[in-house]
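Enquirer: can you look at this prediction? I've put the sequence above it.
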Amino acid sequence: MKAIVLEKIDAPLAIRDVELTELKVGQVLVKILVSGLCGAQLHEIRGHKGNAKFLPHLMGHEGCGIVKEVGPGVTNVNVGDKVVMHWRPGTGIEAPFPSYVLDGKLMSSGKVTTLSEYSIVSENRLTTVPQDTPEDLCAILGCALTTAMGIIDNEVELKFGESVAVVGCGGVGLNLIQAAALKSACPIYAIDNNITKRELCFTAGASIFTNSINAVDEKVDVIIDTTGIPEVISECVSKLSGKGRMVLVGQPAPGKMVEVMNAVNLFSGMGQTIKATQGGRTNPTEDIPRYVRMHQEGILDVKQFVTHRFKLDQVNEAFDLLRSGNAGRIIIEIGV
């Protein structure tokens, strides 16, 4: 099968012929229809999520596919099921890491990967959805949308009418704006230095668009940073209200320091909080069916956030676009 392989840190990805291996207990073979691209994968390419000893390996962690074969012990999915492929564990067996064959040698991989024609996936990284669920929605449910909804619901426990600032309005940021709007946040500040994101942000539900948190005159109840830029994070802290909560989604590069000026202000008012999150503490098994129902009822939509589409052999071009900041969510079409 054709697969995208990270062979060297901070180098173009390779399109390679990779062989599948026999399924082990709890593993599922999935034919991949589409995959989303997440900014976190840029950190992976740069080596911020593991050094060269883990290379080579497959890529991708949010996708949509069809189950082609199930391994021993699998009971939650069946052959023919349409599934969301997600990196956070849900219900089912936590299977061992899968192996593939590259150039005659075994190659390890994560428990879900999505930038290949087929993938061996741990059962608990799959959630079945109705067959008519749009493929793009399924892919975005694998990470961006569930992360955003989880942050708003679980991490900040947003209350009706609270103000929200989303800093960095890419794929996750746009879904954060939509999630905040569904919770009747007011106002919602969309902050991005790329003016081309303006209309997308307003479509998602933003009240105000600006290029810097410093342009916001008022204190904000909830600030969510997706950039991971230390200087931007420091600026955001000073804008928190007395009961303010700040959540870091974007990860600063290893070794980078985030300064908090006048840290005594964190103790003012009702006490401020700053926390980091991975995935918004979402539970895929419980949350994905709810979000699919919301989509079926016309409450939740993501199609306006998909700004670009590429084929599997165009993946390096797609990642270049992701690096530029000139895209919402990017979809890689594989088996559609």
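Expert: Structure's in. What do you need? Numbering: from 1, shown residues only.
Enquirer: which other helices and strands does the helix or strand of the chain with the lowest mean pLDDT contact?
Expert: Least confident helix or strand, the chain: helix 40-46 with a mean of 85, by mean pLDDT, DSSP states H and E. Using 3 or more C-beta pairs under 8 Å, 6 or more residues apart in numbering; DSSP states H and E as the contact definition, the elements that helix 40-46 packs against are helix 315-324. From N, CA and C alone the C-beta is placed, and that goes for glycine too.
Enquirer: summarise which helices and strands the helix it packs on is packed against.
Expert: Here helix 315-324 is seen to pack against strand 27-37, helix 40-46, strand 306-311, strand 329-333 when contacts are counted using 3+ C-beta pairs under 8 Å, 6+ apart.
Enquirer: which parts of the stretch 101-250 of the chain are helices?
Expert: 135-141, 144-150, 171-182, 198-204, 230-237 (DSSP state H, counting those that start in this stretch).
Enquirer: in JSON lines, list the ones you listed along with distance to Lys8, mean neighbour count and mean pLDDT.
Expert: JSON lines is the format used below for those (distance: least, C-beta to C-beta, whole Å; neighbours: other C-beta atoms under 10 Å; pLDDT from 0 to 100):
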{"stretch": "helix 135-141", "distance to Lys8": "27", "mean neighbour count": "26", "mean pLDDT": "97"}
{"stretch": "helix 144-150", "distance to Lys8": "27", "mean neighbour count": "27", "mean pLDDT": "95"}
{"stretch": "helix 171-182", "distance to Lys8": "26", "mean neighbour count": "27", "mean pLDDT": "95"}
{"stretch": "helix 198-204", "distance to Lys8": "34", "mean neighbour count": "19", "mean pLDDT": "95"}
{"stretch": "helix 230-237", "distance to Lys8": "27", "mean neighbour count": "19", "mean pLDDT": "90"}
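Enquirer: can I get these in JSON lines including distance to Leu126?
Expert: Compiled in JSON lines, those are given as follows (distance: least, C-beta to C-beta, whole Å):
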{"stretch": "helix 135-141", "distance to Leu126": "11"}
{"stretch": "helix 144-150", "distance to Leu126": "14"}
{"stretch": "helix 171-182", "distance to Leu126": "21"}
{"stretch": "helix 198-204", "distance to Leu126": "28"}
{"stretch": "helix 230-237", "distance to Leu126": "34"}
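Enquirer: ok, which of the ones you listed comes nearest Val216?
Expert: Val216 sits nearest to helix 230-237 of all the helices of the stretch 101-250 of the chain, at 9.5 Å, using C-beta to C-beta.
Enquirer: what's in contact with the closest one?
Expert: Helix 230-237 has contacts (C-beta atoms under 8 Å, 6 or more residues apart in numbering) with 165, 167-168, 212-214, 223, 225, 227, 246, 248, 252, 256-261, 266, 274.
Enquirer: re earlier: winner for burial among the helices and strands packed on helix 315-324?
Expert: Per-residue neighbour counts averaged over each of the helices and strands packed on helix 315-324 give the maximum for strand 27-37, namely a mean of 26 (mean count of other C-beta atoms under 10 Å).
Enquirer: which neighbours does that one have in its sheet, and in what orientation?
Expert: Here strand 27-37 has these sheet partners by DSSP bridges: strand 63-70 (antiparallel), strand 118-122 (antiparallel), strand 329-333 (antiparallel).
Enquirer: from Asp287, how far off is the closest residue in space to Thr21 that isn't next to it in sequence?
Expert: Beyond its immediate neighbours in the sequence, the residue positioned closest to Thr21 (C-beta to C-beta, 6 or more residues apart in numbering) is Ser99, lying 5.0 Å away. Distance from Ser99 to Asp287, counting by C-beta to C-beta, to the nearest Å: 30 Å.
Enquirer: what's the answer for Tyr100, then?
Expert: Where Asp287 is concerned, Tyr100 sits at a distance of 30 Å (C-beta to C-beta).
Enquirer: same question for Pro96.
Expert: Here the criterion is C-beta to C-beta. By it, Pro96 lies 26 Å from Asp287.
Enquirer: so which of those two has more stuff around it?
Expert: Relative neighbour count places Asp287 above the other of Pro96 and Asp287, with 22 against 12, counting by other C-beta atoms under 10 Å.
Enquirer: that one is in what secondary structure piece?
Expert: Taking DSSP states H and E as the criterion, the element that holds Asp287 is helix 284-296.
Enquirer: for the residue nearest to Gly170 when sequence neighbours are not counted, what are its contacts?
Expert: Of all residues beyond its chain neighbours, the one nearest Gly170 is Gly39 (6.0 Å), with distances taken as C-beta to C-beta, 6+ apart. Gly39 makes contact with 170-172, 226, 250, 322, according to C-beta under 8 Å, 6+ apart.
Enquirer: quick check: buried residues in stretch 272-281?
Expert: Neighbour-count burial for stretch 272-281, with 16 or more other C-beta atoms under 10 Å as criterion, is recorded at 272, 274, 277, 279-280.
Enquirer: ok, of these, which one's closest to Asn76?
Expert: The shortest separation between Asn76 and any of these is 19.7 Å, and it belongs to Gly279 (by C-beta to C-beta).
Enquirer: what sits against Ile15?
Expert: With contacts taken as C-beta under 8 Å, 6+ apart, Ile15 has the following neighbours: 2-5, 312-313, 315.
Enquirer: out of these, who's the most crowded?
Expert: Greatest neighbour count in the contacts of Ile15, by other C-beta under 10 Å, goes to Ala3: 27 neighbours.
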